[in-house]
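1. this is a predicted model, with the sequence first.
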Amino acid sequence: MNPFIMSLLLSSLAFGTMITMSSTHWLIAWTGLEVNTLAIIPIMTQPHHPRATEAATKYFLTQAAASAMILLSSTMNAWHTGLWDITQLTNPTACALMTAALAMKLGLAPAHFWLPEVVQGTTIKTTMIITTWMKLAPMTLLLLAHNSINPTIMATMGVLSILIGGWGGLNQTQLRKIMGFSSISHLGWMTTVITLAPTLTILNLTIYITMTLTMFLLLIPTQSKTTQNMTTWTTTPLTTALTTMTLLSLGGLPPLTGFMPKWLILQELITQQTTLIATLAAIASLLNLFFYLRLSYITTLTISPNTTPLSSKWRFKPPSYTTTITMFILSTLALPITFTLA
């Protein structure tokens, strides 16, 4: 793709997200979401492959349906209340429609079916954008309207997302699908606590984006697409070590950064007398931990099939680790700051 066109599309992505995040009017927020969708479709279809076209079509149809529901919901609310303010979503029917629409935008269960299929059909860089940047705008709307949303519905969707995100990733060998199910699971943790403590949702979103970006920055130089491509210790031992630690952090193992949001969310759920939800979320997170541990094992303790008797592959020029190391430190070593947040 022409670099000028690519820079224009990426700028539109950033611009659309900023419009939505800075607006208090439903129509302006909807415009930002539409700009986002229209900007990422050409990026998804860039490989000119039938699988990429299929993924872009699925993504477009899902996002268009969700955007139409957002427009319908905000119009219904304005009809009954005379207000277009995002924080004044008071009509029950409009509120239910808006919850369903934002769940579809984010890929929350039970409206999650599109996400693994879409990320599998795109390139790994596009998958990185879909699972990180594209979550910011709809999550902002969810945070702004959280006072109007039914806490029981959000908690149910959250626990269901954690379960499906863990269960769906168990039998996968495609790394992009695994990261898609990982996204569903992490979004489940965010939405479980969003009506009780929105600040914890913001913290969880920040840590999730940091860890996921680190993971993709480690996968992009090695061009890893399946679990068989994860055995990189014969070529880039540093990448292998960083990948293993990042995977364990994504799984939420202490004393890594990924443990922080789970710890604080479980503490908040227990404080709010929702012990059953906290127990279900904690048990369901073991499913995620299992496939992260499986990836860690494949990365560090196995040798990929070779057509030659040599155990080492051809050594290419090592990638630049400046940005990756910085992101890695934030993704794994930030747990001590928890005591300053308490």
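-> Looks like it came in fine.
2. C-alpha from now on. contacts and neighbour counts both.
-> Fine.
3. residue 74 contacts residue 96, doesn't it?
-> No. Counting by Cα atoms under 8 Å, residue 74 stays clear of residue 96, with 11.1 Å between them.
4. quick one: which of those two has more around it?
-> Using other Cα atoms under 10 Å as the criterion, residue 74 and residue 96 rank with residue 74 on top: 26 against 15.
5. wasn't that one part of a helix?
-> Yes. Using DSSP: H, G, I helix; E, B strand; the rest coil, the assignment for residue 74 is a helix.
6. now it: how far from residue 288?
-> The spacing between residue 74 and residue 288, counted by Cα to Cα, to the nearest Å, is 36 Å.
7. equivalent analysis for residue 67, please.
-> Distance of residue 67 to residue 288, computed by Cα to Cα: 30 Å.
8. burial count for residue 33?
-> Residue neighbour count, defined by other Cα under 10 Å, stands at 26 for residue 33.
9. and if you look at residue 2?
-> The burial count for residue 2: 7, using other Cα under 10 Å.
10. before we move on, back to that, out of residue 67 and residue 288, which sits in the more crowded spot?
-> Using other Cα under 10 Å as the criterion, residue 67 and residue 288 rank with residue 288 on top: 28 against 22.
11. and the protein, what are its domains?
-> Domain assignment for the chain, taken from automatic domain parsing, gives 1-143, 150-303+320-337.
12. name the helices or strands packed onto the helix or strand hosting residue 240?
-> Residue 240 belongs to helix 237-251 when assigned by DSSP states H and E. Using 3 or more Cα pairs under 8 Å, 6 or more residues apart in numbering; DSSP states H and E as the contact test, the elements touching helix 237-251 are helix 198-222, helix 275-301, helix 322-332.
13. hey, least reliable of those by pLDDT?
-> Mean pLDDT is lowest for helix 322-332 among these, at a mean of 86.
14. identify the residues contacting that one?
-> For helix 322-332, contacts defined as Cα atoms under 8 Å, 6 or more residues apart in numbering pick out 207, 210-211, 213-214, 217-218, 242, 245-246, 249, 256-258.
15. 7 Å instead, please
-> Identification of contacts with helix 322-332 by Cα atoms under 7 Å, 6 or more residues apart in numbering yields 210, 211, 214, 217, 246, 249, 256, 257.
16. tell me where this structure is predicted with low confidence.
-> Within the chain, the segments meeting pLDDT under 70 span 233-234, 303-320, 342.
17. rewinding a little: let me have the contacts of helix 322-332 in a markdown table, extended by distance to residue 176.
-> Shown next, in a markdown table, are those (distance: Cα to Cα, whole Å):
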| residue | distance to residue 176 |
| --- | --- |
| 210 | 17 |
| 211 | 15 |
| 214 | 14 |
| 217 | 13 |
| 246 | 16 |
| 249 | 18 |
| 256 | 23 |
| 257 | 22 |
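18. of those, just say which sits nearest to residue 46.
-> Closest approach to residue 46 among the contacts of helix 322-332 (Cα to Cα): residue 217, at 20.2 Å.
19. helices and strands around the helix or strand where residue 40 lies, which ones?
-> Per DSSP H and E, residue 40 falls inside helix 26-44. Packing partners of helix 26-44 (3 or more Cα pairs under 7 Å, 6 or more residues apart in numbering; DSSP states H and E): helix 3-22, helix 50-81.
20. go again with 6 Å.
-> Applying 3 or more Cα pairs under 6 Å, 6 or more residues apart in numbering; DSSP states H and E, we find helix 26-44 packed against helix 3-22.
21. mind checking how far residue 59 is from residue 73?
-> Distance from residue 59 to residue 73, by Cα to Cα: 21 Å.
22. same question but for residue 331, I mixed them up
-> Counting by Cα to Cα, the gap from residue 331 to residue 73 is 37 Å.
23. what of residue 246?
-> 40 Å.
24. how about residue 192?
-> According to Cα to Cα, residue 192 stands 23 Å off from residue 73.
25. who's more crowded, the two?
-> Between residue 192 and residue 73, counting by other Cα under 10 Å, residue 192 is the more crowded of the two (29 against 24).
26. just checking, the more buried one touches residue 157?
-> No. Under the criterion of Cα atoms under 6 Å, residue 192 is not in contact with residue 157, lying 7.4 Å apart.
27. state the phi and psi torsions of residue 83.
-> Main-chain dihedrals, residue 83, degrees, to the nearest 10: phi -120, psi 140.
28. kindly report the same for residue 226.
-> Taking degrees, to the nearest 10 as the convention, residue 226 sits at phi -130, psi 170.
29. can you tell me the closest non-neighbouring residue to it?
-> Spatial nearest neighbour of residue 226, chain neighbours left out: residue 174 (4.5 Å); criterion: Cα to Cα, 6 or more residues apart in numbering.
30. quick check, that neighbour in contact with residue 229.
-> No. Judged on Cα under 6 Å, residue 174 makes no contact with residue 229 at a distance of 9.9 Å.
31. give me the number of residues near residue 5?
-> Residue 5 sits with 12 neighbouring residues when counted by other Cα under 10 Å.
32. which residues does residue 158 contact?
-> Residues counted as contacts of residue 158 (Cα atoms under 6 Å, 6 or more residues apart in numbering) are 188, 191, 192.
33. which of the helices or strands spans it?
-> Per DSSP H and E, residue 158 falls inside helix 151-170.
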